[in-house]
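>>> dropping the sequence and predicted coords here.
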There are 2 protein chains.
Amino acid sequence: KNSVLSSRSEAVTFSTMFRSEHPRRSSSHHEWRHNKENSNALADDVPEFQAYDGTPRSQMPDDLQEEQNRREHHTDLFASPNLIVRRGQEFRISITFDGPYNPSKDGFYVEFRIGVNPQIHKQTAIIVSPNQDNKGPWQSQLLENKGNIIEMGITPSANCIVGKFLMYAVVVAPTGLIRDKENSSEIYILFNSWAPDDTVFMHDDTERMEYVLNQVGTIYCGSISNVMKRPWHYGQFENGILDACLYLMDDATIPLISRGDPVVVARQGSAKLNSQDDNGVLTGKWSEDYSHGRAPTSWTGSVEILHLYASNGVPVNYAQCWVYAGVFNTFLRCLGIPSRVITNYNSAHDNDRSLKTDIIVDCNGKIDKKYTKDSIWNFHCWNECYMARPDLPLDFGGWQVVDATPQETSDGLYRCGPAPLYGIKQGVICYPYDSPFVFAEVNSDVIFYKRDKYGKLTKVSVNETYVGKMLLTKAIGQDVPINITELYKFPEGTMQERLALQMAESYGTEKDRSVLPKVDVEMKVTVKPVTLGEDFQLVLIFQSLGRSLYNVDVFVSGNVMYYTGVSGPEFMSTTLQVQVDPSRQKTKVPSKYMNKLFGHGNLHFFITGKVKETGHMLNIMHPVSLISPQLTVKVTGVPQVNQRMFVTVEFTNNFGFSLKDVTLTVEGTWVLPPKTKTYSSIAPASTITWTQSFIPMDPGLKMLMACLDCEYLRQVCGTASVYINV
Amino acid sequence: KNSVLSSRSEAVTFSTMFRSEHPRRSSSHHEWRHNKENSNALADDVPEFQAYDGTPRSQMPDDLQEEQNRREHHTDLFASPNLIVRRGQEFRISITFDGPYNPSKDGFYVEFRIGVNPQIHKQTAIIVSPNQDNKGPWQSQLLENKGNIIEMGITPSANCIVGKFLMYAVVVAPTGLIRDKENSSEIYILFNSWAPDDTVFMHDDTERMEYVLNQVGTIYCGSISNVMKRPWHYGQFENGILDACLYLMDDATIPLISRGDPVVVARQGSAKLNSQDDNGVLTGKWSEDYSHGRAPTSWTGSVEILHLYASNGVPVNYAQCWVYAGVFNTFLRCLGIPSRVITNYNSAHDNDRSLKTDIIVDCNGKIDKKYTKDSIWNFHCWNECYMARPDLPLDFGGWQVVDATPQETSDGLYRCGPAPLYGIKQGVICYPYDSPFVFAEVNSDVIFYKRDKYGKLTKVSVNETYVGKMLLTKAIGQDVPINITELYKFPEGTMQERLALQMAESYGTEKDRSVLPKVDVEMKVTVKPVTLGEDFQLVLIFQSLGRSLYNVDVFVSGNVMYYTGVSGPEFMSTTLQVQVDPSRQKTKVPSKYMNKLFGHGNLHFFITGKVKETGHMLNIMHPVSLISPQLTVKVTGVPQVNQRMFVTVEFTNNFGFSLKDVTLTVEGTWVLPPKTKTYSSIAPASTITWTQSFIPMDPGLKMLMACLDCEYLRQVCGTASVYINV
């Protein structure tokens, strides 16, 4: 009765194009450390033979068509040769039988299993058959029947679990079900921004190219008056990165059943990226002495960090916000969730639900560091990811803020988001997750208090526009910043802005409502862009807004500062007396800082004025980022596949002193893994040159990025790009 | 110029009525183990002398008026003699100066400090002065000035931090501020349901008496057809319990700044009550063998558990849901958050966002335990707490579900809620926290699947009314249950019910929508109340709903069962063939179970019918709770303060076999701490009697509760009450 005869041992074989490089069912390069129910670990105990009493047939599956499937599913960039597809979209496999296939008689199906206890009604086990009698969530069809060979199309549901499945051909033999374990295949299924039914769907192809597929990016830093940038190699398609990301999901014990939900994956991912609570990927450090690791400023990308972490599960030293955001971006894009890195200039770090950042000044107008615990970061980086929010009302889908930098525990763990951007802008901050916190980061008022000798605080001034001054992200398809402040806030002073603030207050945040006496004197400060190593002048501008003359005592304090808002040493402290009339008056204050310079080359000025006649206080905070020297990065050689090329990095020490213990890192997308060199000293006026060879293996645009780092220089980067011909 | 002279060493003294029993600033009876910033630990490093250059006065505070303050603040029931007040309500202290007090001249204020780094603008330090020139959040007034003695009223803000503060009198002396550390006083500030501005405010005094002040309660268990009850001693005012609750907040690292927010306190408390993640209070165990601790059924109240935990921070063995709910209720009521214990009969335990509990039956109609992973608990207990939700739209205040039993990780940790009841009822489940999970617990459909030999699942029937059948809680002021199902759901079949389900679906839950073929045969089951030890009959009732005759193959399976829905041994398995016509037909099935009896005395019947003529399947689940024997508890002696009395507990073994390793616990509110006795064997027909003496120290109604526990009897309790006269 059997139309197709075969021996059981040969019954089922998947073949792939990459068999030699890709051993079947190789264990991943890391251990699965966690409880099995929440692990992507693939079970070994699936029965090879499962008896029943039917009368079916046997046959042989064959070709996974990796190349075509990967191209159609936008996964061809992945380094690993596996079958990697996106959900909600059909992929095709060919199956060769040892005789003509008869859909109505031949019992055969393909089974997908994930985790140690796969179950059909939990969608951790899925079966599809070519004759389309399955009514499960995954669709399948018989595309072509050429007698012994059939082509089958399989469409995973658009909300299915994301991760690594084992795919078995199951043959219905006369005595039971036969699974050939030797010929099972691993298949990775990812989120799909190209599938309209996937909650991470994006309409625009240029957006998907940038937010899912772009492997390099630019992260903005510096300060609002001097935006600087760092190149970053996300490397989400590099060898081992996808497995590292699946390892992170296991390590974060995300229940398998939730791994198709980008809200859960992004939220738990934001917790897992930092080492707080759960020994996650990166250890933060916001003070000098990086001797137990690498300086946050010395990394050029995510790949090395994820490789290190996935190799042993030990947190990698050290990170600051752009490192968290860079690696988190890799995680999200790798799994297929569209994402980008955002920089918020003057980011409040509030630790209650109030919208107030409190600055306490002493009787002399100087910041009282003992009592000022809130901080404002010159800039702070986080991520946005794009997804529908089926758990919330309709409007709240779209970009969501997620933040992996450990600032505040969100609901018990260090993590943040996803917080819907729409809610932040409208002040509707009652929806999960962490909307009030993100709202405060961009909307806090800065409140200056004077502390008297009894410890009493008197409010002296309020700055409502300092925080969240500007939000930047890299533009689509080109290396320029775009200003996305309008996605977070309505324009200052508009009716909508006022309504959004009122809305936020109705959800328990507290906006400052104090009415302060009108101040008749205006004080402003400007600084021209300053190159690191050069002294410069602060220009203070005073104007009387009434008709009167006023005398103002001015106190100028300058600190070297980490971008976090934590002050380093004070390098200047000057007192001035200014007479102010209704015309604009400029006063120049020279600033010398090199003897105190360290770290990021950020300076922070705090200027207080006290109007003698009225007793009113004036307060300004003004961060100044110094322009760092650049690295010269050049690529030479014939830009052709399999031809040796060279990247040359050059740096000249233009400072009047030696730079000590300098590290230089260079890395290239696909062409060069990160390489680091150390120089114990670079003498004044001397130049270092490092040439590294590489052989591009495939064509296309390649980026090379270099970064020089030492105690006195933390922002020295350079990039070059080259187009490799076939 | 100084109108009042004093030496500095005598300058400031608080005196209390209880000095001898209550050493000043005694360290708590447990260690403070956590990071200092998140600890209620009181700093020792407050400067005793703080110099400045003013010219003030010195004076002496005196009397904390504990008795009157505690009575007015409804904290007089607390065993510890400390000053314990509720926020948003004035308390009074008297201060004695060594000369007449002059408000306009004498520099004096009272300072409250909590944690190691108290700060005024974070409200971890508060200063108030009798001359009312402070504009801080706490109010104060000079009530009376009798020359050397003033009476001062202080009103903590209605949203202030809840915990233990140190209160200092600060004297403004000519050379600086003087704090007398020796004479600082501890003051506990709690939530206040009597204060209209507190978010835990309740309107009704009888409600507050029950939900904040009642120290005993009843927790319902058993099954829907046989509701049983356990007495529970919450003991929130007993010695050491308040300190234990503050210790829990420290141990849960609730930021000090959030300890005035009942939403945060309840949520983090629900995480801290179970040992998962964070080594919290109670270890759960849902299978026999309690040899490493005490059986969950053997506890009579929370006091012993909290004392044990607070003494060393090691989780206490063992708990099941009513123990978690009982101890959590103590925590909430102790801190002043109104709360009650709820029992949900047939509680779904869903582990995805679907509203489906899947029961897989094999070809024979038997539950397939390998594939059935969802469970339905005969009953499940959780807590409700009452509070406004300023973080949510207006309607969502009121009762909130919180659940400390570790069922599912909520957002990474084992905890649940607060989920607003209003949202659960209306299906508006998009608001934090965990509303979809609670909604599923009371609204899931039970879906029966048949699993064929290929592993394919076919839906055979759906029961939409089984889950969340009834919710009970103890009535106010009396020991009877009230049915509060209508707070969770609209009545079955109403338009509102349908709308609420649709609303929930719009937030991503999935309701079953399959249309199943109409079934012409109805099958029901009834069981009369059954006493433990007696065999009984199941009565199956069949009726043909059409005009036809049908033949039905019936499969009856009976398992002994934990209340959790986990099956124990099967004690019966019977196959019947029934002919069904349009009249009601009863079929009796005898059931013998004693040889398999263990644990909670819950039986679970699973009955499947297969209609031969149509192939339709009928499915019924039916839990049966057996009526346990009661303990006799009697109180004798003269019910008068300081007179010796006796409580006698009596139990007769009416079973035909010996009971082994029996523990008997007896405990009385305020009169008797928990005492436990062990009996290695109680022979058939023999009676044990235990008489314990006690001496009531204060008047009023006292409850005594006893509980007998052994492997074969887990639900044997008894109570007695006695009114003690003065």
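Now that the structure is in, tell me what you want to look at.
>>> nearest residue to the closest residue to chain B within the stretch 101-250 of chain A in space, please, no chain neighbours.
Proximity of the stretch 101-250 of chain A to chain B (C-beta to the nearest C-beta) peaks at residue A:121, 4.7 Å away. Every C-beta, even on glycine, is put in place using the N, C-alpha and C of the backbone. By the measure of C-beta to C-beta, 6 or more residues apart in numbering or on different chains, the closest residue to residue A:121 outside its immediate chain neighbours is residue B:358, 4.7 Å from it.
>>> now the residue of the stretch 101-250 of chain A closest to chain B, what are its backbone angles?
Main-chain torsions, residue A:121, degrees, to the nearest 10: phi -80, psi -10.
>>> so how far is residue B:372 from it?
Applying C-beta to C-beta, to the nearest Å, the value for residue A:121 to residue B:372 is 9 Å.
>>> now do the shared contacts for these two.
B:358, B:360 (C-beta atoms under 8 Å, 6 or more residues apart in numbering or on different chains).
>>> quick check: longest helix of chain A.
helix A:321-335 (DSSP state H).
>>> and it, what does it pack onto?
Where contact means 3 or more C-beta pairs under 8 Å, 6 or more residues apart in numbering or on different chains; DSSP states H and E, helix A:321-335 is packed against strand A:216-223, strand A:226-233, helix A:241-251, helix A:262-272, strand A:282-284, helix A:303-312, strand A:339-349, strand A:375-387.
>>> which one of the ones you listed lies nearest to residue B:396?
Closest approach to residue B:396 among these (C-beta to C-beta): helix A:262-272, 21.0 Å.
>>> other residues contacting that closest one?
A:162, A:191, A:199-200, A:248-249, A:251-252, A:254, A:258-259, A:277-278, A:280-281, A:328, A:331-332, A:335, A:337, A:385, A:387, A:389, A:391, A:400, A:402-404, A:413-418, A:433, B:411-412.
>>> can you tell me which of those residues end up in helices?
Counting by DSSP H, the contacts of helix A:262-272 place A:248, A:249, A:251, A:328, A:331, A:332, A:335 in helices.
>>> pLDDT score for the fourth one?
Reading off the per-residue confidence, residue A:328 sits at a pLDDT of 98.
>>> ok, and the closest non-adjacent residue to it?
According to C-beta to C-beta, 6+ apart, the nearest residue to residue A:328 is residue A:404 (4.4 Å).
>>> and the strands in the stretch 401-550 of chain A?
Under the criterion DSSP state E, counting those that start in this stretch, strands of the stretch 401-550 of chain A are mapped to A:409-410, A:413-414, A:419-420, A:445-451, A:457-463, A:470-474, A:481-483, A:521-526, A:530-531, A:536-544, A:550-561.
>>> returning to what we had before: now mean neighbour count too, for the helices and strands packed on helix A:321-335, in TSV please.
Formatted as TSV, these follow (neighbours: other C-beta atoms under 10 Å in any protein chain shown):
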stretch	mean neighbour count
strand A:216-223	23
strand A:226-233	21
helix A:241-251	24
helix A:262-272	27
strand A:282-284	23
helix A:303-312	20
strand A:339-349	25
strand A:375-387	26
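>>> right, and those - which one's nearest residue B:627?
Closest approach to residue B:627 among the helices and strands packed on helix A:321-335 (C-beta to C-beta): helix A:262-272, 44.5 Å.
>>> if I follow the layout properly, residue A:437 ends up in contact with residue A:416?
Yes - contact criterion C-beta atoms under 8 Å: residue A:437 and residue A:416 qualify, at 6.3 Å.
>>> tell me which residues touch residue A:241, please.
Residue A:241 sits next to A:79, A:235, A:302, A:303, A:306, A:307, A:330, A:334 when contact means C-beta under 8 Å, 6+ apart.
>>> so how far is residue A:421 from residue A:384?
Distance, residue A:384 to residue A:421, by C-beta to C-beta: 7 Å.
>>> any shared contact partners between the two?
By C-beta under 8 Å, 6+ apart, the residues touching both residue A:384 and residue A:421 are A:399, A:400, A:401.
>>> can you lay out those residues as a markdown table showing distance to residue A:530, neighbour count and pLDDT?
As requested, these are exported to a markdown table (distance: C-beta to C-beta, whole Å; neighbours: other C-beta atoms under 10 Å in any protein chain shown; pLDDT from 0 to 100):
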| residue | distance to residue A:530 | neighbour count | pLDDT |
| --- | --- | --- | --- |
| A:399 | 34 | 23 | 98 |
| A:400 | 37 | 30 | 98 |
| A:401 | 32 | 29 | 97 |
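>>> quick check: of those residues, which lies closest to residue B:662?
Nearest to residue B:662 out of the shared contacts of residue A:384 and residue A:421 is residue A:400 (C-beta to C-beta; 57.5 Å).
>>> with adjacent residues omitted, what lies nearest to the closest one?
Closest residue to residue A:400 apart from its sequence neighbours, by C-beta to C-beta, 6+ apart: residue A:418 at 3.4 Å.
>>> can you pull the contacts of that neighbour?
Residue A:418 makes contact with A:263, A:266, A:267, A:385, A:387, A:389, A:400, A:401, A:402, A:433, according to C-beta under 8 Å, 6+ apart.
>>> returning to that earlier point: how close does the residue nearest to residue A:121 get to residue B:446?
The gap separating residue B:358 from residue B:446 is 8 Å, by C-beta to C-beta.
>>> repeat for residue A:75
40 Å.
>>> please apply the same query to residue A:583.
Plainly put, residue A:583 is 82 Å away from residue B:446 if you go by C-beta to C-beta.
>>> which of these two has more neighbours?
Neighbour totals were compared for residue A:583 and residue B:446, and residue B:446 leads with 22 against 8 (other C-beta atoms under 10 Å in any protein chain shown).
>>> residues of the stretch 151-300 of chain A that sit close to chain B?
Residues of the stretch 151-300 of chain A lying close to chain B by C-beta under 8 Å from any C-beta of the partner chain are A:172, A:177, A:253, A:255, A:257, A:258, A:267, A:268, A:271.
>>> try it again with 10 Å
Counting by C-beta under 10 Å from any C-beta of the partner chain, the stretch 151-300 of chain A comes close to chain B at A:170, A:172, A:176-177, A:199, A:252-255, A:257-258, A:260-261, A:263-264, A:267-268, A:271-272, A:277-278.
>>> follow-up on the earlier one: and the ones in helices among the contacts of helix A:262-272, which is closest to residue A:701?
residue A:332 (22.4 Å).
>>> ok now the helix or strand containing the residue nearest to residue A:121, how far from the chain's centre?
Element membership of residue B:358, judged by DSSP states H and E, is strand B:356-361. Centroid displacement of strand B:356-361 relative to its chain, using C-alpha atoms, centre = their mean, to the nearest Å, is 30 Å.
>>> what pLDDT, on average, does it get?
Mean pLDDT, computed over strand B:356-361, is 84.
>>> residues contacting the closest residue to residue A:492 other than its chain neighbours?
The shortest distance from residue A:492 to any non-neighbouring residue, by C-beta to C-beta, 6+ apart, is to residue A:465 (5.9 Å). Counting by C-beta atoms under 10 Å, 6 or more residues apart in numbering or on different chains, residue A:465 touches A:346, A:445, A:446, A:492, A:493.
>>> quick check: can you list the domain ranges of chain A?
A:35-190, A:205-506, A:521-626, A:632-724 (automatic domain parsing).
>>> okay if I get those domains as TSV plus distance to residue B:719?
What follows is the domains of chain A, written out as TSV (distance: least, C-beta to C-beta, whole Å):
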stretch	distance to residue B:719
domain A:35-190	41
domain A:205-506	38
domain A:521-626	60
domain A:632-724	70
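>>> so of those, which one's packed in deepest?
Across the domains of chain A, averaging neighbours per residue (mean count of other C-beta atoms under 10 Å in any protein chain shown) puts domain A:205-506 on top, at a mean of 21.
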